[in-house]
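Asker: turn this into a structure:
(4 chains)
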Number of protein chains: 2
Amino acid sequence: MSKQLLQKISNTNQKGVSVIQNQSHYSALNPAGATGLQQVPPLVPASPGGGGKATPPNKMKKTGMEKDSDEYRQRRERNNLAVKKSRMRSKQKAQDTQQRVNELKEENERLEAKIKLLSKELSVLKDLFLEHAHNLADNVQPPASGGGPGDLCHNNNSGSNGSSQ
Amino acid sequence: MSKQLLQKISNTNQKGVSVIQNQSHYSALNPAGATGLQQVPPLVPASPGGGGKATPPNKMKKTGMEKDSDEYRQRRERNNLAVKKSRMRSKQKAQDTQQRVNELKEENERLEAKIKLLSKELSVLKDLFLEHAHNLADNVQPPASGGGPGDLCHNNNSGSNGSSQ
DNA sequence: GGAAATTGCGCAATGA
DNA sequence: ATCATTGCGCAATTTC
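Answerer: Numbers count the residues shown, from 1 in each chain, chains lettered A, B, ... in the order given. Model (predicted):
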């Protein structure tokens, strides 16, 4: 709502000379001379009438480049098609990329969850090891007395894994 | 990469004078047949697509909506600006998304590597456990004999995890 | 050199 | 009513 004032006023002239140059030929409205200040020669003058006003830069590659030309129309149509196709592709690509992001994010979460799980398992096992080590160090080796912490062989690990997914 | 630049340049320089160059091709003179490719007939039967707006004999809702109107010109200019801005953003967004994909891919690789590592660690520890259990089951419980596989207390685990990122 | 593909840009309809 | 989005066509340029 209020931040478009400083962009490219460069081409937005405001000196009073609105050089709005329509490169069309029709211009009964704006016959040459009105603006007087007219540069930027249209590469495609396409000036048909050629009456009095000389459109000097008649630099068309081919004679007969007029808009009514079959050649022209055909080319335009082809190009329009190509443009459409290209844009469609572009859009699709962007979409695919976005989807890729989603997939990757998902997988990322999965992987992190797995890491968490593995870390936990590892932690448990290590604790068990430490405990065992302590028992050994304390020289406490009761064959199978009370249900103390000496019962190391029971691995209460859940299904453990080994297979991913 | 350099295409845009060149384009811009071609449009602006060469004269040093920034002219608006309002390319309203097609227009009054443009006959109807130009492009029959119009799926959605606009409320205002303008000429084909793009900048086509003319069909001179037209009932615009607003008197003074003609091209020479100040109002019109102003609106157009504003819209052009908005369009440009929007497109810029769109492009930027696409770019960001692409970058995001790359980042995510990288992180995924990292995570997978970590998983691999953790899995390996876990595997080793489990093997140790099994071995120990075996020894117990075989009733082989040498207190601390030679450096056989019974040396369970050595945890060659490096710092490994604990910290993320 | 030529055809298809990109790209920047403007217009108009439409959405918010 | 204003700005933002989007589809479309044109033309210049690039790519093949």
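
Asker: now do the same contact list for the residue nearest to A:K114 when sequence neighbours are not counted.
Answerer: Distance criterion Cβ to Cβ, 6 or more residues apart in numbering or on different chains; nearest residue to A:K114, sequence neighbours excluded, is B:I115 at 5.7 Å. (Glycine included, C-beta is placed from N, CA and C.) When contacts are counted by Cβ atoms under 8 Å, 6 or more residues apart in numbering or on different chains, B:I115 touches A:L111, A:K114, A:I115, A:L118.

Asker: on the three-state scheme, the second one is what?
Answerer: If I follow you right, that is A:K114. Here A:K114 is helix, with the state taken from DSSP: H, G, I helix; E, B strand; the rest coil.

Asker: give the burial count for it, as a bare number.
Answerer: The number of residues packed near A:K114 is 19, by other Cβ atoms under 10 Å in any protein chain shown.

Asker: now it: how far from B:K67?
Answerer: 64 Å (Cβ to Cβ, to the nearest Å).

Asker: what do you get for A:N102?
Answerer: Distance of A:N102 to B:K67, given as Cβ to Cβ: 46 Å.

Asker: ok, now A:A113?
Answerer: Going from A:A113 to B:K67 by Cβ to Cβ gives 62 Å.

Asker: run the angle between whatever helix or strand A:R110 lives in and helix B:70-137 for me.
Answerer: Element membership for A:R110, per DSSP states H and E: helix A:70-137. With axes from the mean of the first three to the mean of the last three Cα atoms, to 10 degrees applied, the angle from helix A:70-137 to helix B:70-137 works out at 30 degrees.

Asker: whether helix A:70-137 contacts DNA strand D - can you check?
Answerer: Yes: legend: contact between helix A:70-137 and DNA strand D by Cβ under 7 Å from any atom of the strand is shown at A:R76, A:E77, A:N79, A:N80, A:V83, A:K84, A:K91.

Asker: from the residues you listed, which are also near chain B?
Answerer: Residues of the residues of helix A:70-137 next to DNA strand D in contact with chain B (Cβ under 8 Å from any Cβ of the partner chain): A:R76, A:E77, A:N80.

Asker: give me every residue in chain A lying close to DNA strand C.
Answerer: A:N11, A:R78, A:N79, A:L81, A:A82, A:V83, A:K85, A:S86, A:R87, A:R89, A:S90.

Asker: where's the dip in pLDDT among the residues you listed?
Answerer: Of all these, A:N11 carries the smallest pLDDT score, 33.

Asker: and A:L125, how many neighbours?
Answerer: Residues lying near A:L125 (other Cβ under 10 Å) number 20.

Asker: so for the nearest residue to it once chain neighbours are set aside, what's the pLDDT?
Answerer: Leaving aside its chain neighbours, A:L125 sits nearest to B:L125 (4.7 Å; criterion: Cβ to Cβ, 6+ apart). B:L125 is assigned a predicted lDDT (pLDDT) of 88.

Asker: how about the one 10 residues further on?
Answerer: The predicted local confidence for B:N135 comes out at a pLDDT of 83.

Asker: looking at A:A113 and B:K67, which is more packed in?
Answerer: Counted by other Cβ under 10 Å, A:A113 and B:K67 do not tie: B:K67 has more neighbours, with 17 against 10.

Asker: helix, strand or coil for that one?
Answerer: Secondary structure, three-state DSSP: B:K67 is coil.

Asker: looks like it contacts B:R73 (just checking).
Answerer: Yes: with contact defined as Cβ atoms under 8 Å, B:K67 and B:R73 form a contacting pair (7.3 Å).

Asker: how close does the residue nearest to A:L118 when sequence neighbours are not counted sit to DNA strand C?
Answerer: Nearest non-adjacent residue to A:L118, counting by Cβ to Cβ, 6+ apart: B:L118, 4.0 Å away. The spacing between B:L118 and DNA strand C, counted by Cβ to the nearest atom of the strand, to the nearest Å, is 43 Å.

Asker: what of A:Q95?
Answerer: 15 Å.
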